[in-house]
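> Okay, sequence plus prediction incoming.
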Amino acid sequence: MDIAAALRAFVRTVERGSVSGAARDLGVSQPAVTKHLRNLEAHVGARLLERSSRLVRPTPSGQALYEASRSALLTIESALEGVRRDMGEIEGLLRVHAPSCIGAKHLHPIVMAFQKKFPTVTVDLVLEDRSVDLVYENYDLALKYGRPEGQDLIVRRLGQIRRILVASPSFLSRSGPIDDMEDLSRIDVITTAAVLSPRDTLILVRDGETLEVPVRPVLRTNNAQVIANTLLGGRVAGPVQHLLVSEELARGELIRVLPDYEVKSADVFLAYPSIRFMRPAVRAFTDFVVPALKAIDGVDTGEPTVTRSVAL
């Protein structure tokens with residue numbers, strides 16, 4: 001039995017929750033993964049996985065083996081890739097997670113430029129608006145809004161995501177100018193739960209001072225493209241990430257309202273697991289993506305900091 005291959009199949013099955021998912025990740029057949037799992041259970045003399053029609057979960061013995069073997073496999077893979085790096089090779093699979101808003105519009109073209117430079121790197125780019133466990137879900141890097149917590153991570157702050165108030169010219173021609181907070185409170189707005197309080201108020205910032213303003217949301221959504229399209233359609237006004245509409249602002253398709261104010265911003269971080277050695281592909285991607293992200297119009301940067309967050 002190839003113990004390394006069997007452990008790799010076992011770890012991916014636990015992380016994916018299915019044999020078929022592990023087979024896809026490893027590029028082998030489902031029967032091959034099943035054989036590895038059967039041989040591994042026979043080798044250790046214990047049942048490692050509980051199987052149902054929908055999900056595969058580790059037994060207590062399997063969980064213990066998973067915790068012990070995942071970091072060891074990562075160390076071995078890092079060492080092997082380190083040798084390849086010394087031979088001048090940057091290659092392999094890179095798994096990246098990011099919010100869909102910045103990911104589709106900005107991170108995707110950055111990834112394409114990176115792959116043009118390093119064509120032997122395969123990137124799994126997963127864009128979704130949820131928090132992920134980088135270690136358990138086997139991500140190399142994640143772009144996150146708000147400081148990540150609860151994991152063993154290396155965290156690098158990139159800057160702040162600016163949020164501004166905008167409306168289309170057609171909306172302003174119907175509603176009239178928005179010159180003060182009373183005007184903002186009377187109009188229809190589109191927004192997201194990330195910026196709206198439970199009391200339907202927006203927190204606006206000017207010169208370091210904050211102001212809480214009641215608003216009238218007619219549409220709430222977690223989809224950035226829906227927000228941008230609705231604003232462009234002229235039905236409502238509202239807050240939006242500057243980086244999503246910078247081109248539309250430059251063309252005059254959207255106009256800033258109350259330009260002395262901004263909606264409370266969010267910090268953006270790049271995070272990667274601290275239990276892993278930084279593989280050459282990860283290091284190359286980090287060196288490539290950080291300056292590109294910081295150059296996005298709508299990301300306010302300061303001096304980036306590198307800190308360690310350790311789960312207790």
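Perfect, I can see it now.

> Mind telling me which residue is nearest the centre of the protein?
Of all residues in the chain, the one closest to the mean position by Cα atoms, centre = their mean is A98, 1.9 Å from it.

> Quick check, pLDDT for that one.
You'll see A98 listed with a pLDDT of 95.

> for P198, same thing?
On pLDDT, P198 comes in at 78.

> just L293 next, same as before
Predicted confidence (pLDDT) for L293: 94.

> Distance of the closest residue to it other than its chain neighbours relative to K144?
Closest residue in space to L293, ignoring its immediate chain neighbours: L158 at 5.5 Å, by Cβ to Cβ, 6 or more residues apart in numbering. From N, CA and C alone the C-beta is placed, and that goes for glycine too. Going from L158 to K144 by Cβ to Cβ, to the nearest Å gives 10 Å.

> Find residues that contact each of these two.
268-270 (Cβ atoms under 8 Å, 6 or more residues apart in numbering).

> Most neighbours out of the residues you listed, which is it?
Among the shared contacts of L158 and K144, the one with the most neighbours (other Cβ atoms under 10 Å) is V268, at 26 neighbours.

> Paired strands for whichever helix or strand it is part of, with orientation please.
If you go by DSSP states H and E, V268 is part of strand 262-273. Taking DSSP bridges as the criterion, strand 262-273 pairs within the sheet with strand 141-145 (antiparallel), strand 153-167 (antiparallel), strand 201-206 (antiparallel).

> Can I get stretch 288-298 in CSV, CA atoms only?
Output of stretch 288-298 as CSV, limited to C-alpha atoms (Å, rounded to 0.1, in the frame of the first residue of the first chain):
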residue,chain,number,x,y,z
PHE,A,288,1.9,39.5,-7.4
VAL,A,289,-1.6,40.1,-6.0
VAL,A,290,-0.8,42.5,-3.1
PRO,A,291,0.4,45.5,-5.1
ALA,A,292,-2.4,44.8,-7.7
LEU,A,293,-5.1,44.9,-5.1
LYS,A,294,-3.7,47.9,-3.3
ALA,A,295,-3.7,49.8,-6.7
ILE,A,296,-7.5,49.3,-7.1
ASP,A,297,-9.4,52.6,-7.2
GLY,A,298,-11.5,52.5,-4.1
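
> Run through who's touching it.
Contact with stretch 288-298 is made by 102, 106-107, 110, 113-114, 117, 143, 156, 158-159, 161-162, 241-244, 246, 268, 270, 299, 301, 304, as judged by Cβ under 8 Å, 6+ apart.
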